[in-house]
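Engineer: Fold the following.
(one chain, ligands or ions: 1)
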Amino acid sequence: MRTWRFHKAGAIANLVMDEVAVPRIGQGEVLVALEYAALNPADRYLVQGQYPRAGAPPFTPGRDGAGIIVEAGQGSRFKTGDKVCVLGGGLTGVSLPGTFAGYCPVPEAWLAALPSDWTFKQAAAGALTSLTAWRALVVCGNLQPGETVLVTGASGGVGVAAVFLAKALGAQVIALSRSEEKRQQLIALGADAAIDSESPTLEKEVRAAAGDRPVSLVVEMLGGPYLEKSVRMAAPEGRIMVVGLLADLKATVTIGLLIHKNIRIEGMSVNNFKAEEARAAWTKIVDLYQRNHHCPVISEVFPFEQVQAAFAHLQAGPMGKVVVRCKR
Ligand SMILES: NC(=O)c1ccc[n+]([C@@H]2O[C@H](COP(=O)([O-])OP(=O)(O)OC[C@H]3O[C@@H](n4cnc5c(N)ncnc54)[C@H](OP(=O)(O)O)[C@@H]3O)[C@@H](O)[C@H]2O)c1
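Structural biologist: Numbers count the residues shown, from 1 in each chain. From the prediction side, this is the model:
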């Protein structure tokens, strides 16, 4: 089968397409013939050698995927022919072989049935991002209906999932994006307001959009200078869930503000789900998508041969998820 691997940590250009034997499954695993895989910034960090507990090269990245089971061990809850998607949070594409491949051996604890009425590419696009957004909003953020949620980096994979889920859970949602076109798309997706993250009057605009319900929960995708801005925009007692670091790995925050406003800043990771928690959350997430007649948003689909171009599109700032059509 064909697979994208890096033999040495470094730039995305280090990913090369290799021809390898179809992997064998281990205890508790099933073999999935992948239809689609999806990209995450974490895959880039992993190839660059900056992701904790990553597999040793030569290594196939890819945390998201959906496909058909072609081999299941004895006693498995799955059978050959079942359509499945890989849930975010497991070790697939971290220390176990990932989904940028024709076939992937996946621990079955981290698999779910393909949601009815979803395509493979929607399922590949939706799992890790939606579970991340759910953890930020519900598990760690304790979102209550009627609250105002600010989503920074809202046009990305996690961002659009957070906008949809926060809205579906009854929040007022303010989305940030640098692109006018994507701000319009975020409004069409359900955001109550979409504001330019680079606006010099950002804080004033967010306060005006929030109205009499100030921002009480922030889903912070950017880090760097945005963290201090989030602290300023959050209401007293506000919670800031730090999900990502796209603007910078480091941030400076005015501690006086944290103390004075009693702000909680919390780092969170989808990797902290236990498998059974992730499956339970996924059931609720899919139910919300289906009840609202909504599906995960796809920015663009690339052929398997063009994984490098797919990463370039991701880095340029997508609108939703970047997906690759797998080949064997
Ligand atoms: N903690 C976890 O468990 C977890 C799980 C998944 C992802 N993450 C992290 O969360 C972050 C978001 O992931 P994602 O998949 O949503 O990313 P993404 O798809 O790449 O999208 C992020 C969005 O952020 C904006 N952006 C990117 N760089 C920016 C910059 N320098 N300044 C301002 N805006 C910028 C872009 O929007 P505009 O161009 O529209 O402004 C982009 O569309 C990443 O850091 C990722 O590693 C963490």
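
Engineer: for stretch 152-165, the distance to its chain's centre please.
Structural biologist: Remark: stretch 152-165 is offset 9 Å from the chain centroid, using C-alpha atoms, centre = their mean, to the nearest Å.

Engineer: now check that stretch, is it near the ligand?
Structural biologist: Yes - under the criterion of C-beta under 6 Å from any ligand atom, stretch 152-165 makes contact with the ligand via 153, 155-159. For every residue, glycine as well, the C-beta is placed using N, CA and C.

Engineer: what does stretch 219-234 give?
Structural biologist: Yes - judged by C-beta under 6 Å from any ligand atom, stretch 219-234 comes into contact with the ligand at 221-222.

Engineer: Can I get that stretch in CSV, CA atoms only?
Structural biologist: The C-alpha coordinates for stretch 219-234 follow below in CSV (Å, rounded to 0.1, in the frame of the first residue of the first chain):
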residue,chain,number,x,y,z
VAL,A,219,-12.2,29.1,23.0
GLU,A,220,-8.6,30.3,22.4
MET,A,221,-7.1,28.8,19.3
LEU,A,222,-4.3,31.4,18.7
GLY,A,223,-2.2,32.1,21.8
GLY,A,224,0.6,34.6,21.6
PRO,A,225,-0.8,38.2,21.7
TYR,A,226,-4.4,36.9,21.5
LEU,A,227,-4.3,35.5,25.0
GLU,A,228,-3.9,38.9,26.7
LYS,A,229,-6.7,40.2,24.4
SER,A,230,-8.9,37.3,25.4
VAL,A,231,-8.3,38.2,29.1
ARG,A,232,-9.3,41.8,28.4
MET,A,233,-12.4,40.8,26.4
ALA,A,234,-13.6,38.2,29.0
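
Engineer: Show me the helices in the stretch 201-328 of the chain, by range?
Structural biologist: Along the stretch 201-328 of the chain, the segments classed as helices by DSSP state H, counting those that start in this stretch run 202-210, 225-233, 255-261, 275-291, 307-316.

Engineer: How about stretch 233-247, which residues are buried there?
Structural biologist: 233-235, 238-247 (16 or more other C-beta atoms under 10 Å).

Engineer: can you check stretch 257-267 too?
Structural biologist: 263, 265.

Engineer: And the contacts of it?
Structural biologist: 140, 227, 231-232, 234-242, 253 (C-beta atoms under 8 Å, 6 or more residues apart in numbering).

Engineer: Tell me how many other residues crowd the one residue in the chain that gets nearest to the ligand.
Structural biologist: Here the residue of the chain nearest the ligand is residue 156; by C-beta to the nearest ligand atom that distance is 1.8 Å. Residue 156 has 29 neighbours, counted by other C-beta atoms under 10 Å.

Engineer: Was I right to think it contacts residue 318?
Structural biologist: Yes - counting by C-beta atoms under 8 Å, residue 318 is a contact partner of residue 156 at 6.3 Å.

Engineer: Of the helices of the stretch 201-328 of the chain, which is nearest residue 145?
Structural biologist: The minimum distance between residue 145 and the helices of the stretch 201-328 of the chain falls on helix 275-291, with 12.9 Å, by C-beta to C-beta.

Engineer: And the ligand, is that closest one touching that?
Structural biologist: No - against the ligand, helix 275-291 shows no contacts by C-beta under 6 Å from any ligand atom, the least distance being 11.5 Å.

Engineer: Export the buried residues of stretch 233-247 to TSV and append columns for pLDDT.
Structural biologist: Formatted as TSV, the buried residues of stretch 233-247 follow (pLDDT from 0 to 100):
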residue	pLDDT
233	98
234	98
235	98
238	98
239	98
240	98
241	98
242	98
243	98
244	98
245	96
246	96
247	97
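
Engineer: Restricted to strands, list those residues.
Structural biologist: Using DSSP state E, the members of these that fall in strands are 239-242.

Engineer: if I pick the closest residue in space to residue 195 that isn't next to it in sequence, what's in contact with it?
Structural biologist: Excluding the flanking residues, the one nearest residue 195 by C-beta to C-beta, 6 or more residues apart in numbering is residue 205, at 4.9 Å. Contact analysis of residue 205 by C-beta under 8 Å, 6+ apart lists 195-196, 199.

Engineer: Same check on residue 150?
Structural biologist: With C-beta under 8 Å, 6+ apart, residue 150 has these contacts: 174, 176, 206, 215, 217-219, 230, 233-234.

Engineer: Work out for me the element it sits within.
Structural biologist: Using DSSP states H and E, residue 150 sits within strand 148-151.

Engineer: how big is the angle separating the next helix or strand after that strand from helix 307-316?
Structural biologist: Scanning forward in sequence from strand 148-151 by DSSP H and E, the next helix or strand is helix 157-168. Helix 157-168 runs at 50 degrees relative to helix 307-316, counting by axes from the mean of the first three to the mean of the last three C-alpha atoms, to 10 degrees.

Engineer: The helix or strand just after helix 157-168 pairs with which strands, parallel or anti?
Structural biologist: As assigned by DSSP H and E, the chain's next helix or strand after helix 157-168 is strand 172-177. According to DSSP bridges, strand 172-177 forms sheet pairs with strand 148-151 (parallel), strand 193-196 (parallel).
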